[in-house]
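Undergrad: any chance you could fold what I've pasted below:
(one chain, ligands or ions: 2)
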Amino acid sequence: MLLRRERHEVRGVVQGVGFRPFVYRLALEENLAGFIGNDTGGVTIEVEGPAERVEAFRRRLEAEAPPLARIDSIVVRETPPRREKEFRIIVSEASGQVSTGIPADAATCAECLRELLDPNDRRYRYPFLNCTNCGPRYTITRRIPYDRPQTSMARFTMCAACQAEYDDPANRRFHAQPNACPVCGPRVWLVAPDGTEIPSVDPVTAAIDRLMAGEIMAIKGIGGFHLAVDATNEFAVMRLRDRKHRYGKPLAVMARDLEAARELCVITPQEEELLLTVARPIVLALKRTGCGIAPSVAPGIPWLGVFLPYAPLQHLLFADSRVRALVMTSANLSEEPIAIDNDEALARLRHIADAFLMHDREILQRCDDSVMALVDASPQLIRRARGFVPLGVPLPFDSPPLLAVGGHLKNVFTLARGRFAYQSQHLGDLENLTGLDFFREALEHLMHTFEIEPVAVVHDLHPGYLSTSWAKEWAAERNLPLIAVQHHHAHIAACMAEHGIEGPAIGLSLDGTGYGTDGRIWGGEVLIAQLDGPDPCHFDRFAHLDYVSMPGGEAAIREPWRMALGALHAAGLDVESPEVISLLGAKPREVRVLKRMIERELNTPLTSSCGRLFDAVAAVVLGRGVVDYEAQAAIELEGCAVHEDDEMSRSEYALELWDGGEPGRPNVIRTNRMWKALLSDLRCGEDPSRIAARFHAGLAEGFINAAANARIESGINCVALSGGCMHNRRLARLLQAGLEEEGFQVFEHRNVSPGDGGLSYGQAAVAAAKLTKVGQ
Ligand SMILES: [Zn+2]
Ligand SMILES: [Zn+2]
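TA: Ligands and ions are numbered 1, 2, ... in the order given. Next up is the predicted model:
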């Protein structure tokens with residue numbers, strides 16, 4: 001009999017996902033000898049046996065891999081047979097370059113859930129059960145290789161029963177690193193805001209009693225603490241908002257199961273699929289009227305962020321028939337990072353929560369819940385966090401090790417190396433030192449995890465961003481080169497890289513705020529960019545939304561009525577007319593002051609931002625003069641039109657393309673005609689929902705027209721859509737459909753956020769192209 005021995009080096013997400021037990025069983029079934037071991041590069045397998053058996057093994061390895069595994073590559077080499085008798089699992093060795101992924105955290109699997117609720121199981125109602133197919137991973141891991149001593153489970157010694165499962169290759173918990181049971185594992189307890197333990201026979205039931213009485217519970221989860229209240233209790237929700245100082249921003253609701261979620265929202269089959277993925281993201285779905293959810297959970301919008309339990313502790317809360325839906329919101333004050341440590345939570349939340357449900361499995365990485373929505377029928381990642389981090393996002397070409405620090409709001413950084421970009425979890429706004437601390441903490445962890453030592457640092461062009469000054473300092477300390485990438489260029493590059501497009505593309509970057517090469521605030525841009533040109537940092541600005549004044553600068557972002565004044569003034573309307581003053585809901589004196597500021601160019605930066613245009617329109621159409629959270633006005637404008645048809649009915653709303661006046665100047669997309677049509681509709685008493693729908697259509701039409709003109713000039717037929725406004729599903733849908741109708745090849749974000757959460761990925765793509773391709 002001809003013996004064959006092969007060495008397989010498997011790369012991808014292959015640690016902590018039950019890969020070794022799977023391979024072990026496979027080798028036994030095929031009657032092969034050899035070994036498997038985790039290494040810092042992934043796993044290495046050697047198998048030896050009859051040639052046809054080895055071949056079958058190779059085939060089945062990819063075809064039957066466990067659900068949480070992701071195989072990126074397998075390198076197979078033949079080696080001399082050693083005539084071994086058995087197949088072994090060998091202990092990890094930490095050496096070599098780290099390129100394996102730690103798996104992301106995964107929702108409780110069906111088998112574990114069954115055990116959790118089975119009174120005869122030894123893990124009945126045990127809040128920390130898990131197996132190789134489910135459970136926490138990234139949030140409990142200090143570094144790779146992913147083995148128990150490298151996780152926060154290191155301090156729990158397995159009891160004999162758990163150890164036996166862990167050692168048994170036939171068991172679902174074979175080498176399940178966080179394996180635990182009530183005898184040997186972590187536990188939960190109830191704590192009062194003063195830090196003393198509240199005695200209770202069953203802390204979970206005690207927590208439910210409090211929730212049902214309208215109390216606010218801080219509950220320690222997988223990636224941090226949640227603040228929870230009964231989502232059907234308006235009084236409790238209002239109390240939470242008051243204490244959290246968070247008034248308008250929608251709160252996410254966890255529903256018991258799919259059926260319960262269906263009672264709250266209209267759930268499409270694709271949304272159902274998203275709700276049930278192992279990442280268990282928050283999914284934005286249409287609220288049902290009369291669904292019983294307290295009005296102040298998601299005021300002013302037709303959607304609800306809904307998600308399903310993903311940790312055993314959450315399943316236990318919902319196992320009580322009294323609990324239908326809970327507000328589960330990240331435990332923090334406004335935009336601060338989510339709390340993870342027991343003492344930290346007590347210190348930061350004792351004035352918010354009435355009691356704390358704590359546990360002693362340490363969270364090593366803060367990770368908020370991820371947020372997704374469907375654009376048409378395709379999923380879009382809005383906030384990349386738990387369940388997605390630290391899975392690498394592919395790059396279209398090799399990158400040297402580099403760090404891209406992202407932007408300012410909704411920060412996410414990216415570490416790139418080789419063919420992968422590792423994006424951090426959503427870090428929130430980098431506006432203060434708390435935000436920066438979280439940034440540093442996450443960076444240290446991810447650099448450590450993947451052993452990436454950046455050789456260059458990429459940052460936004462904005463000189464005033466905290467991320468920019470931090471990047472400069474950090475690079476100077478290490479003597480590393482810096483690369484600056486313009487904000488909207490980075491957005492477009494992100495979309496291109498995600499789809500593997502290197503060649504030139506027309507980019508529509510519709511966004512809130514970004515620093516332009518002319519020092520102005522950009523955000524409604526038609527760019528022409530490429531990742532394989534002589535200078536990947538270079539792009540052409542083909543057109544932009546007409547500049548309008550932001551009277552009062554930053555204040556105009558918080559007070560959209562100021563933006564409306566700036567926009568109407570730029571459109572040539574008399575802003576001091578009684579009609580406009582009444583539309584703005586302002587006092588004549590305020591209007592006069594702002595008008596004078598515009599005329600004298602005092603504290604009135606110019607912007608071409610699409611987000612600000614949405615603000616201006618929302619202020620006029622909905623009377624949304626002041627906002628409580630970022631993009632609120634735009635979200636409400638989209639929401640207001642949700643039941644209107646998409647048709648491009650009124651072309652007088654279409655924005656117009658004008659040439660820049662002189663050669664070499666970008667074209668300008670003007671809004672004058674749109675404003676006139678809009679005001680005339682308002683005068684006729686047209687429904688705000690109709691006006692909002694027409695505005696979306698006219699905006700899309702204007703940019704489609706600009707893209708068509710860019711194609712005439714450049715011959716480029718490929719369009720990349722990006723920027724924060726692409727979270728607006730109506731706009732995204734209209735652009736996609738309209739551009740395709742014009743014969744364009746259209747690319748939209750899927751696995752990378754179109755908003756600022758995707759910025760660092762685009763920065764990394766541009767820098768990688770510059771560093772690797774230039775001079776080749
Ligand atoms: Zn499981
Ligand atoms: Zn045990």
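
Undergrad: only C-alpha atoms for contact and neighbour calcs from this point on.
TA: Noted.

Undergrad: all strands for the stretch 551-700 of the chain, in order.
TA: All strands of the stretch 551-700 of the chain, identified by DSSP state E, counting those that start in this stretch, fall at 606-607, 656-658, 667-670.

Undergrad: so which of those gets nearest Arg70?
TA: Counting by CA to CA, Arg70 lies closest to strand 606-607 out of the strands of the stretch 551-700 of the chain; the figure is 43.6 Å.

Undergrad: Leu568 is in contact with Trp675, correct?
TA: Yes. Counting by CA atoms under 8 Å, Trp675 touches Leu568, with 7.3 Å between them.

Undergrad: that older thread, figure out which of the strands of the stretch 551-700 of the chain is closest to Asp518.
TA: Nearest of these (CA to CA): strand 606-607, 10.6 Å.

Undergrad: other SSEs contacting that closest one?
TA: Under the contact definition 3 or more CA pairs under 8 Å, 6 or more residues apart in numbering; DSSP states H and E, strand 606-607 sits against strand 521-529, strand 548-549.

Undergrad: now render the ones you listed as CSV, adding mean pLDDT, mean neighbour count and distance to Ala385.
TA: Below are these laid out as CSV (pLDDT from 0 to 100; neighbours: other CA atoms under 10 Å; distance: least, CA to CA, whole Å):
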stretch, mean pLDDT, mean neighbour count, distance to Ala385
strand 521-529, 97, 27, 25
strand 548-549, 96, 26, 35
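
Undergrad: make a markdown table from those and add distance to ligand 2 to it.
TA: Shown next, in a markdown table, are those (distance: least, CA to the ion, whole Å):
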| stretch | distance to ligand 2 |
| --- | --- |
| strand 521-529 | 55 |
| strand 548-549 | 65 |
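
Undergrad: okay, those strands in CSV with distance to Pro80 next?
TA: Shown next, in CSV, are the helices and strands packed on strand 606-607 (distance: least, CA to CA, whole Å):
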stretch, distance to Pro80
strand 521-529, 51
strand 548-549, 73
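
Undergrad: out of these, which comes closest to Leu316?
TA: For these, the distance to Leu316 is smallest for strand 521-529, at 45.8 Å, taking CA to CA.

Undergrad: please export the C-alpha coordinates of the closest one as PDB.
TA: Output of strand 521-529 as PDB, limited to C-alpha atoms (Å, rounded to 0.1, in the frame of the first residue of the first chain):
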ATOM      1  CA  ILE A 521     -15.700  71.700   4.500                       C
ATOM      2  CA  TRP A 522     -16.500  69.100   1.800                       C
ATOM      3  CA  GLY A 523     -19.300  66.500   1.700                       C
ATOM      4  CA  GLY A 524     -21.200  66.500  -1.600                       C
ATOM      5  CA  GLU A 525     -18.400  65.400  -3.900                       C
ATOM      6  CA  VAL A 526     -18.000  63.800  -7.300                       C
ATOM      7  CA  LEU A 527     -14.400  62.600  -7.400                       C
ATOM      8  CA  ILE A 528     -12.400  60.600  -9.900                       C
ATOM      9  CA  ALA A 529     -10.000  58.300  -8.100                       C
END
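
Undergrad: the strands of the stretch 551-700 of the chain: which one's closest to Leu545?
TA: Nearest of those to Leu545, taken as CA to CA: strand 667-670 at 4.5 Å.

Undergrad: tell me what that closest one is packed against?
TA: Other helices and strands packing on strand 667-670, by 3+ CA pairs under 8 Å, 6+ apart, are strand 539-545, strand 656-658, helix 688-714.

Undergrad: ok, the nearest residue to Arg711 once chain neighbours are set aside - contacts?
TA: If you skip the residues right next to it in sequence, Arg711 has Asn717 as its closest partner in space, 6.1 Å away by CA to CA, 6 or more residues apart in numbering. Contacts for Asn717 were tallied using CA atoms under 8 Å, 6 or more residues apart in numbering; they are 505-506, 711, 743-745.

Undergrad: out of the helices and strands packed on strand 667-670, the one nearest Arg350 is which?
TA: Of the helices and strands packed on strand 667-670, nearest to Arg350 by CA to CA is helix 688-714, at 42.5 Å.

Undergrad: heading C-terminal from that closest one, find the next helix or strand.
TA: Toward the C-terminus, helix 688-714 is succeeded by strand 718-722 as the next helix or strand (DSSP states H and E).

Undergrad: got the residues of the protein near ligand 2?
TA: Residues of the chain lying close to ligand 2 by CA under 5 Å from the ion are 159, 162, 180-181, 184.

Undergrad: switch to 6 Å and redo it
TA: The chain comes close to ligand 2 at residues 158-159, 161-162, 180-181, 183-184, as judged by CA under 6 Å from the ion.

Undergrad: quick check, nearest of these to ligand 1?
TA: Of all the residues of the chain next to ligand 2, ligand 1 sits closest to Ala180, with 11.7 Å by CA to the ion.

Undergrad: surely the closest one meets Pro127?
TA: No. Counting by CA under 8 Å, Pro127 is not a contact partner of Ala180; they are 9.8 Å apart.

Undergrad: more neighbours: these two, which one.
TA: Using other CA atoms under 10 Å as the criterion, Ala180 and Pro127 rank with Ala180 on top: 27 against 23.

Undergrad: now do the same for the more buried one: helix, strand or coil?
TA: Look at Ala180: counting by DSSP: H, G, I helix; E, B strand; the rest coil, its state is coil.

Undergrad: what do you get for Val54?
TA: At Val54, secondary structure determined by three-state DSSP is helix.

Undergrad: so it touches Glu46, yeah?
TA: No. Using CA under 8 Å, Val54 is not in contact with Glu46; the gap is 10.0 Å.

Undergrad: which stretches of this protein have low pLDDT?
TA: Applying pLDDT under 70 to the chain picks out residues 40, 91-101, 334-335, 647-650, 774-776.

Undergrad: close to ligand 1: what parts of it are there?
TA: Residues of the chain lying near ligand 1 (CA under 6 Å from the ion): 108-109, 111-112, 130-131, 133-134.

Undergrad: which of these has the most neighbours?
TA: Asn130 (30 neighbours).

Undergrad: look up phi and psi at it.
TA: Phi and psi for Asn130, reported as degrees, to the nearest 10, are phi -160, psi 180.

Undergrad: next one: it from Thr157, what distance?
TA: Applying CA to CA, to the nearest Å, the value for Asn130 to Thr157 is 16 Å.

Undergrad: same deal with Lys770?
TA: As judged by CA to CA, Lys770 and Thr157 stand 50 Å apart.

Undergrad: when the two are compared, which one has more neighbours?
TA: A direct count of neighbours by other CA under 10 Å for Lys770 and Thr157 places Lys770 higher, at 21 against 13.

Undergrad: thinking that one is in contact with Asp535, fair?
TA: Yes. Lys770 is within contact range of Asp535, at 6.6 Å (criterion: CA under 8 Å).

Undergrad: which helices and strands does the helix or strand hosting Leu510 pack with?
TA: Assessed by DSSP H and E, Leu510 sits inside strand 505-515. Where contact means 3+ CA pairs under 8 Å, 6+ apart, strand 505-515 is packed against helix 487-498, strand 521-529, helix 610-622, helix 688-714, strand 718-722.
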